[in-house]
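# Return a 3D structure for these sequence lines:
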Amino acid sequence: MDIASSSCYSLLFLCFLHQSAQALLDPTDFLALQSIRKALHDVPGSSFFSSWDFTADPCNFPGVLCDSDKVIALSLGEPRAGSPGLTGKLDNAVGKLSSLAEFTVVPGRIYGHLPQSLSQLKNLRFLGVSRNFISGEIPAGLGQLRSLRTIDLSYNQLAGAIPRSIGALSELTNLALSHNHLSGSVPSFCLAQSLTRLDLKHNMLSGSLAPDSLPPSLQYLSLSWNRFTGPVDRVLTRLNNLNYLDLSLNWFTGPIPAQLFSFPLTSLHLERNQFTGSVQPLNEVTIQTVDLSYNQFSGEISPMLASVQHLYLNNNKFIGQVPGSFVERLMTASIQILYLQHNYLTGIAISPTAEIPMSSTLCLQYNCMVPPPQMTCPVKAGNQKIRPAQQCHNH
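I've put the predicted structure just below:
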């Protein structure tokens with residue numbers, strides 16, 4: 001072999017050694033991954049851990065992403081949709097992965113508490129452990145992780161209060177804690193000025209919302225299926241970036257602000273509360289779905305609502321005639337659902353022979369009028385077509 005060839009081979013060997021040295025995982029991270037692996041198992045049908053062989057480089061394991069000699073992302077479980085996931089517990093060793101920026105767990109059967117050691121991960125930006133059987137409380141130390149942008153712990157069995165410190169995370173954009181057993185009041189998020197999505201539905205949260213408790217940056221807000229009380233008008237007037245709002249199935253009271261209907265909403269769900277007052281949008285409403293059913297709203301129905309595709313005003317105290325614009329929109333199938341049953345309405349200008357398009361549904365039963373024959377009502381509307389005259393006289 002000539003000198004040139006020998007030099008070339010030496011150079012290649014040095015490059016190989018350099019790459020091998022870089023590939024050696026930090027011993028602390030190596031031991032942490034071993035502990036995490038020992039505490040978890042594949043649910044039958046999952047083969048996620050089949051290639052986690054610690055005689056090889058863990059940086060090549062499925063779900064492990066390294067930068068130099070440190071683990072920066074860990075995703076436990078096969079990412080394919082419908083994967084059966086993992087079972088076991090999350091080991092405290094997760095907190096030893098000091099450079100971890102993303103930690104996710106696919107839906108499965110993982111139980112036990114969230115490791116308190118998560119609070120040591122100062123670089124953590126994304127925490128996603130949803131659709132498992134995680135119990136216990138949310139570690140308050142998560143509120144110390146100033147880089148956190150997303151926390152998704154939805155569809156678990158978490159209990160206790162939402163740590164107040166989480167509401168002060170200035171980088172937080174997405175907080176999803178829905179479908180748990182959380183209780184107590186909602187912390188103030190006034191310092192979370194980047195928060196765009198807040199999903200707390202299906203818990204046991206209670207109390208009222210302070211006027212400045214939610215940031216104007218919110219685009220998605222769901223507080224449905226809780227036990228909230230009190231008024232929301234002063235809270236909502238500040239949230240003019242909302243495109244989705246669901247406050248349904250609570251005990252909220254008082255009026256709703258007229259300007260709410262001018263927000264860039266696609267869906268507005270306020271059903272099954274104790275809201276009162278009139279509903280008078282300032283302009284024609286461009287929201288696709290508006291559900292105000294099962295409240296105490298009163299007054300006449302605004303013609304501004306005739307542009308809504310799916311409109312639920314049933315089970316309130318609305319009075320007067322149904323505006324003519326509603327009939328026009330029904331006949332052109334612009335309105336697909338118009339539920340006005342169980343109010344105190346006195347008439348609608350629609351011909352008994354008019355044919356409502358098949359794609360549109362109208363229900364007007366149990367009002368202070370003889371309903372038109374073209375109705376298609378849900379079963380829960382009952383069998384009574386007309387409200388008793390005595391009730392109508394009182395309105």
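# If you tally nearby residues, what's the number for the nearest residue to Ser298 once chain neighbours are set aside?
What sits nearest to Ser298 in space, not counting adjacent residues and going by Cβ to Cβ, 6 or more residues apart in numbering, is Lys317, at 4.2 Å. For the C-beta atoms, the positions are set from N, CA and C on the backbone; glycine is no exception. Lys317: 14 surrounding residues under other Cβ atoms under 10 Å.
# can you check the one 10 residues further on too?
Val327: 20 surrounding residues under other Cβ under 10 Å.
# which is the next helix or strand following the helix or strand where it lies?
Assessed by DSSP states H and E, Val327 sits inside helix 324-331. Note on helix 324-331: by DSSP H and E, the next helix or strand toward the C-terminus is strand 337-339.
# so what secondary structure elements neighbour that next one?
strand 310-312, strand 361-363 (3 or more Cβ pairs under 8 Å, 6 or more residues apart in numbering; DSSP states H and E).
# quick revisit: show me what the helix holding Val327 is in contact with.
Helix 324-331 is touched from outside by 301, 303, 305-307, 335, 338, 348-350, 354, 356-357, 360, 362, with contacts defined as Cβ atoms under 8 Å, 6 or more residues apart in numbering.
# Now list the buried members of those.
The neighbour-count test (16 or more other Cβ atoms under 10 Å) marks 301, 305-307, 335, 338, 348, 350, 356, 360, 362 as buried among the contacts of helix 324-331.
# State the phi and psi torsions of Leu191.
Phi and psi for Leu191, reported as degrees, to the nearest 10, are phi -90, psi -10.
# doesn't Gly167 make contact with it?
Yes - using Cβ atoms under 8 Å, Leu191 is in contact with Gly167, at 6.8 Å.
# what about the nearest residue to Gln144 once chain neighbours are set aside, which SS state?
Leaving aside its sequence neighbours, Gln144 sits nearest to Ser119 (Cβ to Cβ, 6+ apart; 5.9 Å). Secondary structure assignment for Ser119 (DSSP: H, G, I helix; E, B strand; the rest coil): helix.
# Spell out which residues sit in contact with Ser119, please.
With contact taken as Cβ under 8 Å, 6+ apart, Ser119 is in contact with 95, 139-142, 144-145.
# Try it again at 7 Å.
Residues in contact with Ser119 (Cβ atoms under 7 Å, 6 or more residues apart in numbering) are 139, 141-142, 144-145.
# cool, and Ser170?
191-194.
# cool, Gln157 as well?
By Cβ under 7 Å, 6+ apart, the neighbours of Gln157 are 133-135, 180-181.
# And Arg149, by the same measure?
So Arg149 contacts 125-126, 171-174 (Cβ under 7 Å, 6+ apart).
# rerun at 8 Å
Residues in contact with Arg149 (Cβ under 8 Å, 6+ apart) are 125-126, 171-174, 194.
# mind checking how far it is from Gly143?
Between Arg149 and Gly143 the computed distance is 14 Å (Cβ to Cβ, to the nearest Å).
# got it, and Gln341?
As judged by Cβ to Cβ, Gln341 and Gly143 stand 47 Å apart.
# For these two, indicate the residue with more neighbours.
The neighbour count for Gln341 versus Gly143, taken as other Cβ under 10 Å, is higher for Gln341 (26 against 20).
# Settle this for me: the more buried one is touching Leu364, isn't it.
Yes - with contact defined as Cβ under 8 Å, Gln341 reaches Leu364; the gap is 6.2 Å.
# Neighbours of Ala192, how many?
As a burial measure, Ala192 scores 23 neighbours (other Cβ under 10 Å).
# Kindly provide the distance from it to Met331.
According to Cβ to Cβ, Ala192 and Met331 sit 47 Å apart.
# Ser135 now?
Distance of Ser135 to Met331, given as Cβ to Cβ: 54 Å.
# and the end-to-end length of stretch 77-89?
Start-to-end span of stretch 77-89 (Cα to Cα, to the nearest Å) is 13 Å.
# Can you mark which positions in that stretch are buried?
Quick answer for stretch 77-89 (16+ other Cβ under 10 Å): 77-78, 83-88.
# Could you do stretch 256-270 as well?
In stretch 256-270, counting by 16+ other Cβ under 10 Å, buried: 256-258, 260-263, 265, 267-270.
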